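Visitor: Here is my input; please provide its structure:
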Amino acid sequence: MSNLERDPQELVSVLEAEPEPDAVAPAVELLAPREVPLGGPRALLVRRTLPQRKRSLVGAWCFVDSYGPTPAPRHGVMDTPPHPHTGLQTVSWLYEGQIEHRDSTGAHQLIDPGAVNLMTAGRGIQHSEVSTTAAANLHGVQLWTALPDAARGVAPFFEHHVADVATVGEATLRVFVGSWLGVTSPVTAYTPLVAAELTLPEGASVELPADAVFEYGLVVDHVPARLQGVDVPAHHLGVVPVGADALRIEAPVGALRVLLIGGTPLDEPIVMWWNFVGRSHDEIVAAREQWQHEVIADADRRGRFGHVDGYEGAPLPAPELPNVRLRAREQG
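Guide: A predicted model of the protein is given here:
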């Protein structure tokens, strides 16, 4: 999925300062969603919980858009034209519906609930995503991970995997990135990462083992959750800082479905604008200029971003850059 905002925020992740010795870190940091329309008059409305002004990353996870359930009586409720990415991975996960993915590596894949589409952009890729009429509703989450500096120049590639399932008590865990409870996803990660869908019946709870060097995020769907004893409202993101050796999740008011994401902090500053992740203003400018010159000016040209075959429509032009240099900012 593309960030279709015409005036995307400039975001530069910088390393956070260590807390004062007597400061007590919160057990859970709560991040409220921001509603963003993707597209024109019949736009798909998404709830963006990452990035935000006060937090750009959870581990290497740098982008979380939740959407739906949106009635899908017609083809193309989600219709995202070919658009570029650099320096990141896109991770698509569905609760309901079906999406058709095409990209410039030649990949053409339908994604259904319970399976993950992971696309590594590396040095540059373009792709399209269009919903189908295979289900009455479209409902899911789009996530991105920022690639570490050592890997962000890799050649682009695509992976598809049906997630394996682990159970503990009344909880069901579908692990689609990394390893948890003895289940390992084979998709590629360039830093230590994990992602899984967790379901719990109403009134149930579960305690999951956690890696103390990870920070974790709980992406809540439409039913509120409780994380480490803290209430996390519907559609919010709850973040647990480094240091936890267990995660306690409860379903206090209804059957619960959430995504759990986590990883070791990415100790590298990143510049993130539109669909690009880089390390400097000049790098973002160069990627935008290449996209506009190689693809928008001549959609048949095959340069850095290649070409998407099979999509009926023009590629997506890049927004205008801000009138100031993309620069570091304070977090907190």
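Visitor: Tell me how many other residues surround Lys102.
Guide: Let me fix one detail, which is that residue 102 is Arg and not Lys. Arg102 sits with 20 neighbouring residues when counted by other Cβ atoms under 10 Å. The way it works is simple: take the backbone N, C-alpha and C, and place the C-beta from them, glycine included.
Visitor: from memory it sits against Gln126, does it?
Guide: No. Look at Arg102 against Gln126 with Cβ atoms under 8 Å: they stay out of range, at 9.4 Å.
Visitor: Show me whatever sits in contact with both of those two.
Guide: Here Arg102 and Gln126 have 82, 308 as joint contacts, going by Cβ atoms under 8 Å, 6 or more residues apart in numbering.
Visitor: And Leu138, how close does it get to Ala189?
Guide: Distance of Leu138 to Ala189, computed by Cβ to Cβ, to the nearest Å: 27 Å.
Visitor: so what's the backbone phi/psi at the residue positioned nearest the centre of the chain?
Guide: Compute the mean C-alpha point of the chain, and by Cα atoms, centre = their mean the closest residue is Leu143, 1.1 Å away. Backbone torsions of Leu143, given as degrees, to the nearest 10, read phi -130, psi 150.
Visitor: Next, count neighbours for the residue lying closest to Leu237 once chain neighbours are set aside.
Guide: Distance criterion Cβ to Cβ, 6 or more residues apart in numbering; nearest residue to Leu237, sequence neighbours excluded, is Thr49 at 3.8 Å. Thr49 has 26 neighbouring residues, counting by other Cβ under 10 Å.
Visitor: My guess is Thr49 contacts Leu31. True?
Guide: Yes. Here Thr49 lies in contact with Leu31, judged by Cβ under 8 Å, at a distance of 5.1 Å.
Visitor: re earlier: state the helix or strand in which the residue nearest to the residue nearest to the centre of the chain when sequence neighbours are not counted lies.
Guide: Excluding its sequence neighbours, the residue lying closest to Leu143 (Cβ to Cβ, 6+ apart) is Val91, at 4.3 Å. Per DSSP states H and E, Val91 falls inside strand 88-96.
Visitor: Which neighbours in the sheet does that strand have, and how are they oriented?
Guide: Strand pairing for strand 88-96, determined by DSSP bridges: strand 115-120 (antiparallel), strand 137-146 (antiparallel).
Visitor: For Gly306, which of those strands is the nearest?
Guide: Ranking the strands paired with strand 88-96 by their distance to Gly306 (criterion: Cβ to Cβ) puts strand 115-120 first, at 12.3 Å.
Visitor: export the closest one as CSV, just CAs?
Guide: Output in CSV follows, covering the C-alpha atoms of strand 115-120 (Å, rounded to 0.1, in the frame of the first residue of the first chain):
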residue,chain,number,x,y,z
ALA,A,115,-1.3,-15.5,4.6
VAL,A,116,1.4,-12.8,4.5
ASN,A,117,2.7,-10.9,1.5
LEU,A,118,6.2,-9.5,2.2
MET,A,119,7.9,-7.4,-0.4
THR,A,120,11.5,-6.2,0.1
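Visitor: Can you pull the poorly scored residue ranges out of the stretch 1-150 of the chain?
Guide: Counting by pLDDT under 70, the stretch 1-150 of the chain shows low-confidence ranges at 1-26, 39-42, 75.
Visitor: go again using 90 as the cut-off
Guide: 1-26, 37-45, 53-54, 70-77, 133-136 (pLDDT under 90).
Visitor: What ranges does it have for its strands?
Guide: Using DSSP state E, counting those that start in this stretch, the strands of the stretch 1-150 of the chain run over 11-13, 29-31, 34-38, 44-50, 61-71, 79-85, 88-96, 99-103, 108-111, 115-120, 125-131, 137-146.
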